[in-house]
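Trainee: I'll drop the sequence and a predicted model, then ask my questions.
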Amino acid sequence: MAATTHAASMSFLLSHPQSRSATPSRHLQLRPAARRVRCCATDATAAAPAATTKHRRAADENIREEAARHPAPKQGLSAWYEPFPPAPNGDPNERYSLDEIVYRSSSGGLLDVRHDMEALARFSGAYWRDLFDSRVGRTTWPYGSGVWSKKEFVLPEIDPDHIVSLFEGNSNLFWAERLGRDHLGGMNDLWVKHCGISHTGSFKDLGMTVLVSQVNRLRRAPLSRPIAGVGCASTGDTSAALSAYCAAAGIPAIVFLPANRISLEQLIQPIANGATVLSLDTDFDGCMRLIREVTAELPIYLANSLNSLRLEGQKTAAIEILQQFDWEVPDWVIVPGGNLGNIYAFYKGFEMCRVLGLVDRVPRLVCAQAANANPLYGYYKSGWTEFQPQVARPTFASAIQIGDPVSVDRAVVALKATNGIVEEATEEELMNAMSLADRTGMFACPHTGVALAALFKLRDQRIIGPNDRTVVVSTAHGLKFSQSKIDYHDSKIEDMACKYSNPPVSVKADFGAVMDVLKKRLKGASF
Ligand SMILES: Cc1ncc(COP(=O)(O)O)c(C=O)c1O
Ligand SMILES: N[C@@H](CCOP(=O)(O)O)C(=O)O
């Protein structure tokens, strides 16, 4: 079956001109001595008298400068890198400043950003909830961003002047009323978190604002680190986000893309943003190996989620979901998984809120994979005994065509801690789920189709109940993957019935002919 090919058939278009309680992880645990103190007002919490009119900043001042005049009070918060998971025989004191350029621990393992949880816990859960709520939807630099509205949980020490933000986050949490009611056995509390309704059309913006901000800080005085550019391997969304944020900051971006394996819309994004685009005759895993070699040789900073800074931004989507439910915890959150950083980021966001008392539990997580790229699914089915990297096969969910995910160990931690589940979806299942969701008012991408297909299976097995509050994470905008929809509605996909296809009808420009078509289509209606 053809996956995403740029020259795929468009014949019909061409005819037109145009756990409930989960165990806290070691990484986030508080030490017992943590004190709770009452919420003290900061710049963001000090309530203005209700009836006063806010004066505008001086006409020649911009929002960064205005923010610089009102620095947030120092709260003694900090964060650093630590090995992930902590090596059993490793140095318990191994840690690195976020100002170091380091992606791996001394034993070659992953790193994780660790926050000073004791310092954060000096403030109550109610304090953090109120603070974050007070910042939603504003234009105050940098807190108007959905990521930076949680700055204290993300990069507490970065100077707002170094932040590179495009006011990302604050994405729509869509009540999927009709899909739940009519197609999922009367589900009444089904939601889709539209992380793809975002600046570059995917959730990658959330992590990229953090990474590029830190690079900006490193390049500028006083640190003045000689970073020539920022690079990533990508299946199309990370490269789009990196290129946009680098362009906004004036930092060179270099992206390694697997040739003919990403959508045209994804390909044009870094090109338009002025990145150096290398189209390589290999798959994503091959691009990933190359970028790691190149970044070890050249002063190019690595932007893939191997770099744990990215996950600090991505975890804010979890916090935002809690906030959108007025700090009530959903029962299930379903996330499509590829390189597997995002499932861990969601866990980290939820768990941090639990540990700090913003909520009292975490949801159960489901990681959904395409059957053509399912190494985590196989690992899960083996009872977590045997992980087998694979050469991922083409899938319409092309951004998750990944066979050797960098963050597999992170994903396992997230799933074990939340009594999580891994599901898979065949090409037909994911395309049908996506297309059915579209028929109820969405315009989902195939990756969201993977997550929705997992939901259909878990409902069929009665693992997810009709009244369970369930959030499906939509990771990209459907418009980035229009070719897959064209292929589907064109019914030209080999071995696929495309049962929800809805091709346009070619009709003679004649009243009688038009009436015949409409009567047939609207049969049952009285005229
Ligand atoms: C649209 C989309 N959905 C899902 C994913 C999977 O996220 P992760 O790689 O963090 O598992 C990716 C990227 O991998 C993506 O681009
Ligand atoms: N889907 C990703 C794959 C790369 O994963 P990352 O977690 O390292 O960003 C993409 O869009 O490139």
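Mentor: Now that the structure is in, tell me what you want to look at. Keep in mind that what you see is a predicted model, and the values were worked out from it rather than measured. Ligands and ions are numbered 1, 2, ... in the order given.
Trainee: least trustworthy helix or strand in this structure by mean pLDDT?
Mentor: Taking mean pLDDT, DSSP states H and E as the measure, the chain has helix 11-14 as its least confident helix or strand, at a mean of 39.
Trainee: which residue packs closest to the spatially most central residue of the chain, ignoring adjacent ones?
Mentor: Centre of the chain computed as the mean C-alpha position; nearest residue by CA atoms, centre = their mean is Phe203, 3.4 Å away. Closest residue to Phe203 in three dimensions, ignoring its sequence neighbours and counting by CB to CB, 6 or more residues apart in numbering: Cys195, at 3.6 Å. The way it works is simple: take the backbone N, C-alpha and C, and place the C-beta from them, glycine included.
Trainee: hmm, back to that, next helix or strand past the least confident helix or strand of the chain?
Mentor: Going down the chain from helix 11-14, the next helix or strand is helix 63-69, by DSSP states H and E.
Trainee: What helices and strands are in contact with that following helix?
Mentor: Contact partners of helix 63-69 among helices and strands, from 3 or more CB pairs under 8 Å, 6 or more residues apart in numbering; DSSP states H and E: none.
Trainee: Can you show me the CA trace of it as PDB?
Mentor: What follows is helix 63-69, C-alpha atoms only, in PDB (Å, rounded to 0.1, in the frame of the first residue of the first chain):
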ATOM      1  CA  ILE A  63       5.900  43.500  25.800                       C
ATOM      2  CA  ARG A  64       9.400  42.100  26.500                       C
ATOM      3  CA  GLU A  65      10.500  45.400  27.800                       C
ATOM      4  CA  GLU A  66       7.400  45.800  29.800                       C
ATOM      5  CA  ALA A  67       8.000  42.400  31.400                       C
ATOM      6  CA  ALA A  68      11.600  43.400  32.200                       C
ATOM      7  CA  ARG A  69      10.300  46.300  34.200                       C
END
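Trainee: What's the mean pLDDT across that helix?
Mentor: The average pLDDT within helix 63-69 is 91.
Trainee: in it, what's buried?
Mentor: For helix 63-69, the neighbour count (16 or more other CB atoms under 10 Å) marks Ala67 as buried.
Trainee: Other residues contacting the next helix-or-strand element following it?
Mentor: Scanning forward in sequence from helix 63-69 by DSSP H and E, the next helix or strand is strand 79-84. With contact meaning CB atoms under 8 Å, 6 or more residues apart in numbering, strand 79-84 is reached by 27, 90, 94-98, 100, 102, 105-107, 109-116, 155-157, 308, 312, 409-410.
Trainee: Just read off the phi/psi values of Val230.
Mentor: Here is the backbone geometry of Val230 (degrees, to the nearest 10): phi -120, psi 130.
Trainee: Wait, it touches Val215, no?
Mentor: Yes: counting by CB atoms under 8 Å, Val230 does reach Val215; the two are 5.6 Å apart.
Trainee: Can you tell me which residues in the stretch 351-500 of the chain are near ligand 1?
Mentor: Residues of the stretch 351-500 of the chain found near ligand 1 (CB under 6 Å from any ligand atom) are 399-400, 445, 447, 475-476.
Trainee: what residues are shared contacts of Val230 and Val215?
Mentor: Common neighbours of Val230 and Val215 (criterion: CB under 8 Å, 6+ apart): 251, 301.
Trainee: quick revisit: the residues of the stretch 351-500 of the chain next to ligand 1 also near ligand 2: which ones?
Mentor: Within those, those near ligand 2 by CB under 6 Å from any ligand atom are Ala399.
Trainee: Now flag whichever of the residues of the stretch 351-500 of the chain next to ligand 1 is closest to ligand 2.
Mentor: Nearest to ligand 2 out of these is Ala399 (CB to the nearest ligand atom; 4.1 Å).
Trainee: Spatially nearest residue to the closest one (excluding sequence neighbours)?
Mentor: Nearest to Ala399 is Thr235, by CB to CB, 6+ apart, at 4.3 Å.
Trainee: So which of the contacts of strand 79-84 sit within strands?
Mentor: Judged by DSSP state E, the subset of those located in strands is 96-97, 110-115.
Trainee: which of these lies closest to ligand 2?
Mentor: Taking those together and measuring to ligand 2 by CB to the nearest ligand atom, the closest member is Leu110, at 12.2 Å.
Trainee: Neighbours of the nearest residue to the closest one once chain neighbours are set aside, how many?
Mentor: Leaving aside its chain neighbours, Leu110 sits nearest to Phe84 (4.4 Å; criterion: CB to CB, 6+ apart). Neighbourhood size, Phe84 [other CB atoms under 10 Å]: 21.
Trainee: Mind checking which of the residues of the stretch 351-500 of the chain next to ligand 1 land in helices?
Mentor: His447 (DSSP state H).
Trainee: Which of the residues of the stretch 351-500 of the chain next to ligand 1 ranks first by neighbour count?
Mentor: Ranked by the number of neighbours (other CB under 10 Å), these place His447 first, at 34 neighbours.
Trainee: so what's the residue in the stretch 151-300 of the chain positioned nearest to ligand 1 scoring on pLDDT?
Mentor: Ligand 1 sits closest to Asp237 of the stretch 151-300 of the chain, with a gap of 3.5 Å, by CB to the nearest ligand atom. You'll see Asp237 listed with a pLDDT of 98.
Trainee: Tell me how many other residues surround the residue nearest to it when sequence neighbours are not counted.
Mentor: Counting by CB to CB, 6+ apart, Ser202 is the residue found nearest to Asp237 once chain neighbours are left out, at 3.9 Å. Using other CB under 10 Å, Ser202 has 27 neighbouring residues.
Trainee: Could you list the low-confidence segments of the protein?
Mentor: Confidence mapping of the chain against pLDDT under 70 gives the ranges 1-55, 526-527.
Trainee: Strands of that one, residue ranges please.
Mentor: 79-84, 96-97, 110-115, 173-175, 190-194, 229-233, 253-258, 276-280, 300-302, 332-336, 364-370, 421-425, 470-474.
Trainee: hang on, the earlier thing: the residue of the stretch 151-300 of the chain closest to ligand 1 and ligand 2: what is the separation?
Mentor: Distance, Asp237 to ligand 2, using CB to the nearest ligand atom, to the nearest Å: 3 Å.
Trainee: got the contact list for that residue?
Mentor: Counting by CB under 8 Å, 6+ apart, Asp237 touches 200-204, 266, 399, 475-476, 480.
Trainee: So in terms of bridging, what pairs with the residue nearest to Asp237?
Mentor: Ser202 forms beta bridges with Ala476, as assigned by DSSP bridges.
Trainee: ok, now which ones touch it?
Mentor: 195-196, 237, 240-241, 399, 475-477, 480.
Trainee: repeat that with 6 Å
Mentor: Counting by CB atoms under 6 Å, 6 or more residues apart in numbering, Ser202 touches 196, 237, 476.
Trainee: Looking at those residues, which one is closest to Leu358?
Mentor: Gly196 (25.5 Å; CB to CB).
Trainee: is it true that the closest one touches His477?
Mentor: Yes: using CB atoms under 6 Å, Gly196 is in contact with His477, at 4.0 Å.
Trainee: With neighbour numbers in mind, choose between these two.
Mentor: Looking at Gly196 and His477 with other CB under 10 Å, you find the greater number of neighbours at Gly196, namely 29 against 22.
Trainee: near ligand 2, which residues of the stretch 351-500 of the chain show up?
Mentor: So the stretch 351-500 of the chain meets ligand 2 at Ala399 (CB under 6 Å from any ligand atom).
Trainee: Please, where are all the helices along the stretch 351-500 of the chain?
Mentor: Along the stretch 351-500 of the chain, counting by DSSP state H, counting those that start in this stretch, helices occupy 375-381, 408-417, 427-439, 446-460, 482-489.
Trainee: Just the buried residues of the second one, please?
Mentor: For helix 408-417, a neighbour-count test (16+ other CB under 10 Å) marks 408-415, 417 as buried.
Trainee: And the shortest one, by the same measure?
Mentor: Under the neighbour-count criterion of 16+ other CB under 10 Å, helix 375-381 has 375-380 buried.
Trainee: Specify which member of these is nearest to ligand 1.
Mentor: Nearest to ligand 1 among the buried residues of helix 375-381, with distances taken as CB to the nearest ligand atom, is Leu376, at 8.8 Å.
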